[in-house]
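Trainee: Quick check, what structure comes out for this input:
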Amino acid sequence: WNWMGSSLCAGAAIVCFDGFAAYPKLSSPWDLVERERVTHLGSSPRYFQACRARVRPMRDNDLSALRVIFSTGSPLAPEDFEYVYSKVKSDVMLASISGGTDICSCFALGNPMLPVRQGELQAFGLGLDACALDRETSAAVTGSKAELVCRSPFVAAPVCFFGDDEKKSKYRGAYFEENDGVWYHGDLVELTGSVGSSGGIVIHGRSDTTLKPGGVRIGTAEVYRFAETVEAVEDSLVIGDQIKVGKRAGDVRIVLFVKLAAGVTLNAELEAEIRSAVREGASDAHVPALIRQVQMIPLHALWQEGRACSARPLCGYRAQKRRRANGSDGIRRVPPYCRGRPLIMCIAPL
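Mentor: Prediction:
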């Protein structure tokens with residue numbers, strides 16, 4: 001809401017799709033983009049993934065007004081880039097962005113001055129001393145997975161949490177883990193160096209859900225990305241389950257939960273196909289030790305999987321409550337006097 005509110009100051013009008021993005025049909029958001037002549041669209045990888053198989057906006061909709069597509073909520077896979085440019089619009093700027101409501105901005109985002117590269121966020125944000133920091137050496141690194149941090153104070157940083165104690169214990173515990181004045185945002189990233197120390201950036205997932213089976217550090221996104229290339233897999237969730245007994249006690253095994261297409265049941269043949277897809281796309285270290293079929297993957301408000309909260313009860317911790325999505329048609333119509341202005345659209349299932 002803070003981004004959208006500030007866009008009014010630029011003379012833009014706002015279109016909100018408030019509700020389940022696939023209601024009443026999966027193409028509803030694209031129909032709204034066409035009808036209201038939206039210029040900037042905010043969406044998520046999960047929506048693109050749902051659209052890949054059967055929604056073709058390039059063929060079925062007039063998206064001539066659309067100039068920029070923003071994507072956030074989880075890492076945008078190379079397949080999502082391919083879908084947007086081949087099935088949505090070939091000359092749109094696809095900006096994968098990553099930040100947070102807490103900072104009212106982005107640490108990494110799109111830049112209209114730079115080329116769009118498949119699988120990458122284009123650059124770090126202006127005015128942010130952000131980098132990929134190696135925890136062991138405390139040095140900024142390129143070409144390897146590390147923590148997304150900001151090493152200097154920045155204008156958009158919150159200064160406290162409401163209801164915190166005088167020492168700001170919750171606030172400091174959330175962001176300043178090492179007590180060294182460095183903001184740890186909780187993302188596992190890789191700086192590719194395609195535009196030097198400014199970018200591009202690959203997000204591998206949340207660092208608090210990072211898996212280390214056999215000491216190999218991997219992000220959950222690296223597993224589900226390839227698991228979901230299997231046609232029968234509609235959705236998936238990956239957790240790390242700590243082994244408590246035996247020779248590997250203390251190590252982590254990868255557990256993959258899959259939601260399969262209607263009428264499909266997980267069997268040995270399908271398990272082998274999933275493991276093969278993960279092994280060929282990533283590595284042996286990424287292959288799940290266990291694969292289990294589930295009826296639904298838990299999501300929260302932005303269509304992100306509830307990986308961290310789902311892992312808690314499975315690993316012996318108390319579960320956290322989450323709101324679930326509703327299926328209401330929450331389209332709020334644009335007043336006639338707003339038409340003709342730049343239109344910012346946000347798809348935000350609640």
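
Trainee: For the closest residue to Tyr175 other than its chain neighbours, name its beta-bridge partners.
Mentor: Among residues not flanking Tyr175 along the chain, Trp183 sits closest, at 5.1 Å (C-beta to C-beta, 6 or more residues apart in numbering). Backbone N, C-alpha and C define where each C-beta goes, glycine included. Beta-bridge pairing of Trp183 under DSSP bridges involves Cys150.

Trainee: What strand or helix carries the nearest residue in space to Arg206 that is not next to it in sequence?
Mentor: Distances taken as C-beta to C-beta, 6+ apart put Gly186 closest to Arg206, at 5.8 Å, once the chain neighbours are dropped. Here Gly186, judged by DSSP states H and E, is contained in strand 183-191.

Trainee: downstream neighbour of that strand in the secondary structure list?
Mentor: Going down the chain from strand 183-191, the next helix or strand is strand 194-197, by DSSP H and E.

Trainee: buried residues in stretch 129-144?
Mentor: 130-133, 140 (16 or more other C-beta atoms under 10 Å).

Trainee: from the residues you listed, which ones fall inside strands?
Mentor: With strands taken from DSSP state E, the overlap with the buried residues of stretch 129-144 comprises 130-133, 140.

Trainee: Doesn't Ser6 belong to a strand?
Mentor: No - assignment of Ser6 by DSSP: H, G, I helix; E, B strand; the rest coil gives helix, placing it outside any strand.

Trainee: Quick one: the strands in the stretch 201-350 of the chain, in order.
Mentor: Under the criterion DSSP state E, counting those that start in this stretch, the stretch 201-350 of the chain contains strands at 201-206, 233-242, 252-260, 290-293, 343-347.

Trainee: Report all helices and strands that the shortest one contacts.
Mentor: Translated: strand 290-293. The helices and strands touching strand 290-293, judged by 3 or more C-beta pairs under 8 Å, 6 or more residues apart in numbering; DSSP states H and E, are strand 252-260, helix 268-281.

Trainee: mind running it again at 7 Å?
Mentor: strand 252-260 (3 or more C-beta pairs under 7 Å, 6 or more residues apart in numbering; DSSP states H and E).

Trainee: Residues contacting the strand holding Gly186, please?
Mentor: Contact partners of strand 183-191, identified using C-beta atoms under 7 Å, 6 or more residues apart in numbering, comprise 98, 107, 132, 142, 144-150, 157, 175-177, 201-208, 210, 219.

Trainee: Only alpha carbons, please: show that strand as PDB.
Mentor: The C-alpha coordinates for strand 183-191 follow below in PDB (Å, rounded to 0.1, in the frame of the first residue of the first chain):
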ATOM      1  CA  TRP A 183      21.300  -5.400   8.400                       C
ATOM      2  CA  TYR A 184      20.800  -9.100   7.700                       C
ATOM      3  CA  HIS A 185      17.700  -9.300   5.500                       C
ATOM      4  CA  GLY A 186      17.300 -13.100   5.600                       C
ATOM      5  CA  ASP A 187      17.800 -13.900   1.900                       C
ATOM      6  CA  LEU A 188      20.300 -16.300   0.300                       C
ATOM      7  CA  VAL A 189      21.600 -14.500  -2.800                       C
ATOM      8  CA  GLU A 190      24.300 -14.600  -5.400                       C
ATOM      9  CA  LEU A 191      25.900 -11.600  -7.100                       C
END
